[in-house]
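Asker: Quick one, fold the following:
(2 chains)
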There are 2 protein chains.
Amino acid sequence: MNPGVDVEDRPASPVGGLPSWADGPARQAVLAFVARTIGDGGSSPVPVEQRVAVFDNDGTLWCEKPMPIQLDFILRRLVEMADADPDLRSKQPWKAAYERDYPWLSAMIDAHYAGDDRDVQTFAGGVLAAYDGIDVDAFEVLAETFLRSTHHPTLGRSYLHCAYRPMVELLDLLAAHGFANYIVSGGGRDFMRPITQEVYGIPRERVIGSTTALAYTSDGHGGTITHTPTLDYLDDGPQKPVRIWSRVGRRPLLAAGNSDGDGAMLDFTQHADTPYLRLLVRHDDAEREFAYTKGAERTLDRAGRENWTVVSMKNDWTSVFG
Amino acid sequence: MNPGVDVEDRPASPVGGLPSWADGPARQAVLAFVARTIGDGGSSPVPVEQRVAVFDNDGTLWCEKPMPIQLDFILRRLVEMADADPDLRSKQPWKAAYERDYPWLSAMIDAHYAGDDRDVQTFAGGVLAAYDGIDVDAFEVLAETFLRSTHHPTLGRSYLHCAYRPMVELLDLLAAHGFANYIVSGGGRDFMRPITQEVYGIPRERVIGSTTALAYTSDGHGGTITHTPTLDYLDDGPQKPVRIWSRVGRRPLLAAGNSDGDGAMLDFTQHADTPYLRLLVRHDDAEREFAYTKGAERTLDRAGRENWTVVSMKNDWTSVFG
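Answerer: The predicted structure follows:
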């Protein structure tokens, strides 16, 4: 535990430099896209209000292995609940959390990729119960405290330092050229919001993500908004373009993802008459991060056929973390 | 029909002037609130990112009588459908639309205020069917064309000129002092979006409103987002604070409304430690606009008890329209 950790020491990246990107096809594709967008080379610049870029979070902007950061947060809460209520210890998913039964969790994810979501449903029931009734301000304190005080299990750095430096440089480059950057994550919107400005320069109103249904209760001094044990929506797959439209009302010019759940969002980022760029981060660097393709097979296959730009962590990034 | 109408000639308002507001308690409350927010008088300024203001649309920013502007749009569509399909002419709500049976519509609204929503449900079925399957780009063209080409039935001006000039001055004043203004309307989000920048200076990503559930379909060249015949949510009553939180992630400093459906949003705009202002527009000017309290009785009652600022159109505004 290291409650003092924050990222105020995040190094500023020189605009246009992308210094942590190797001079290869991915970096060239990014710079050429930005140049076309702003009208370098004689083309018409894209109006600033149309410059929208969308980014998946887990595995695209920050590390998602050995488990998504929010999953660690949720498992700790399930353990707390099982500590307080022994009856929960024989019931999934509390049993797996309480016993640190990671094989059960891995098998759940494998079954999910194989099309069997029965254990995912069981797990979701636990997730929805975990914060039932909490108000959004109290939830924010819990999420922020966790993110500021917890270390990644193997990388030797705090979770707040698990953002990919080259992607932060890309966010800065786009912002410097008039882009509005949005996070569009399958993870929890209100889990990420406390730290996105600091880590990514993305303000909380530009964080799109999954959420439970919320309820407002009036109380004579401003009222409270609380979590209910019902999913509002899971921001993944075809829901990503729907949620981008709902929030932004525009088709993005740039989308970046890393898994099959990002396919629809990348697909949506295609224009007949303006520049666009679709980036797919490929996790092929076991030495500096992790190497895996599970859950990204279809999307990696599409990238090759549909002219998406694949970003190899190993070959395209000279450094991975800030 | 006057397809050329637009509001490019909207007069710019001098910042801080609120020239269409009479020098009374409402104007003074607004100016005092803005002064406190920016730290005039020695108090600490509120950080710019916290300066969020939310506005109901129908009856708060523009005219909603004799019927909400979007209701006119929908009724014309129901008539089109009944023109094309004679079977619909004996079925509500197409029957009422086709026969211009305004008493049926008025009775529906009266029953709604009395707590009986059976006819509202019937009507909602027609509304959801009216644009079932249309894609969001085609819907936008229909909404924008309607709003640019249709005149208000009695005020002798196009719908685009039915915004209240004093409220546009207020939006401009707030924007000039660092506020992010949002529309939070019970009306359709995607109905308003094509014109909010031009009429209110509010960009499309800051329009919150009701919507049908949307669906994304991939098609190899960017895909389409289409309306389904299911309500996603009705942005009214306690849903307004929920939707503000979902979109913005902050509690607003200023909220303006005019009816009971805005009560929760005004209630939500209450802080322990920063300035806040709750405005309730009172329609008491039968000569220049309309005079009515139906659907606002509870909120007007609360305003008196809870120190909300009531804005009398008759007494507080020297002119109503631009």
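
Asker: what does stretch A:17-26 rub up against?
Answerer: Contacts made with stretch A:17-26 from outside it, assessed by C-beta atoms under 8 Å, 6 or more residues apart in numbering or on different chains, are listed as A:13, A:27, A:30-31, A:165-166, A:169-170, A:173, A:279, A:309-312, A:315-320. Using the backbone N, CA and C atoms, a C-beta is placed for each residue, glycine as well.

Asker: which of those residues count as buried?
Answerer: Buried members of these, counted by 16 or more other C-beta atoms under 10 Å in any protein chain shown: A:13, A:27, A:30-31, A:165-166, A:169-170, A:173, A:279, A:309-312, A:316-317, A:320.

Asker: Run through the residues of the stretch 51-200 of chain A sitting next to chain B.
Answerer: A:136, A:180, A:189, A:190, A:193 (C-beta under 8 Å from any C-beta of the partner chain).

Asker: Next step: those restricted to helices.
Answerer: Using DSSP state H, the subset of these located in helices is A:136, A:189, A:190, A:193.

Asker: Neighbours of residue A:67, how many?
Answerer: Here the neighbour count serves as a burial measure; for residue A:67 (other C-beta atoms under 10 Å in any protein chain shown) it reads 17.

Asker: Spatially, what comes nearest to it if we skip its sequence neighbours?
Answerer: Distances taken as C-beta to C-beta, 6 or more residues apart in numbering or on different chains put residue A:105 closest to residue A:67, at 7.4 Å, once the chain neighbours are dropped.

Asker: How about residues contacting the helix or strand encompassing that neighbour?
Answerer: Residue A:105 is located in helix A:102-113, with elements delineated by DSSP states H and E. Surrounding helix A:102-113, the residues in contact under the criterion C-beta under 8 Å, 6+ apart are A:67, A:71, A:92-93, A:95-96, A:117-120, A:123, A:294-295.

Asker: Who wins on neighbours among the residues you listed?
Answerer: Neighbour counts for the contacts of helix A:102-113 peak at residue A:93, which has 26 neighbours (criterion: other C-beta under 10 Å).

Asker: how far away is the residue nearest to residue A:151 when sequence neighbours are not counted from residue B:198?
Answerer: Nearest residue to residue A:151, sequence neighbours excluded (C-beta to C-beta, 6+ apart): residue A:158, at 5.3 Å. When distance is defined by C-beta to C-beta, to the nearest Å, residue A:158 is 46 Å away from residue B:198.

Asker: where do the helices sit along the stretch 101-250 of chain A?
Answerer: A:102-113, A:118-130, A:136-149, A:165-176, A:189-200, A:239-248 (DSSP state H, counting those that start in this stretch).

Asker: where does the following helix or strand past the last one sit relative to the chain's centre, distance-wise?
Answerer: Where DSSP H and E defines the elements, the next helix or strand beyond helix A:239-248 is strand A:254-257. Taking C-alpha atoms, centre = their mean, to the nearest Å, one finds the center of strand A:254-257 at 11 Å from the center of the full chain.

Asker: try stretch A:180-189
Answerer: 6 Å.

Asker: What of stretch A:73-93?
Answerer: Using C-alpha atoms, centre = their mean, the offset of stretch A:73-93 from its chain centre is 26 Å.

Asker: what's the answer for stretch A:158-177, then?
Answerer: On the basis of C-alpha atoms, centre = their mean, stretch A:158-177 sits 12 Å off its chain's mean C-alpha point.

Asker: buried ones in it?
Answerer: So, applying 16+ other C-beta under 10 Å, buried residues of stretch A:158-177: A:158-175, A:177.

Asker: same thing with stretch A:233-250?
Answerer: Of the residues in stretch A:233-250, A:233, A:235-250 count as buried by neighbour count, 16+ other C-beta under 10 Å.

Asker: want to try TSV for the helices of the stretch 101-250 of chain A, with mean pLDDT and distance to residue B:132 as columns?
Answerer: Listed next are these as TSV, based on pLDDT from 0 to 100; distance: least, C-beta to C-beta, whole Å:
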stretch	mean pLDDT	distance to residue B:132
helix A:102-113	87	32
helix A:118-130	93	30
helix A:136-149	98	34
helix A:165-176	97	37
helix A:189-200	98	29
helix A:239-248	98	16
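
Asker: Any idea which of those helices gets closest to residue A:80?
Answerer: Ranking the helices of the stretch 101-250 of chain A by their distance to residue A:80 (criterion: C-beta to C-beta) puts helix A:118-130 first, at 8.9 Å.
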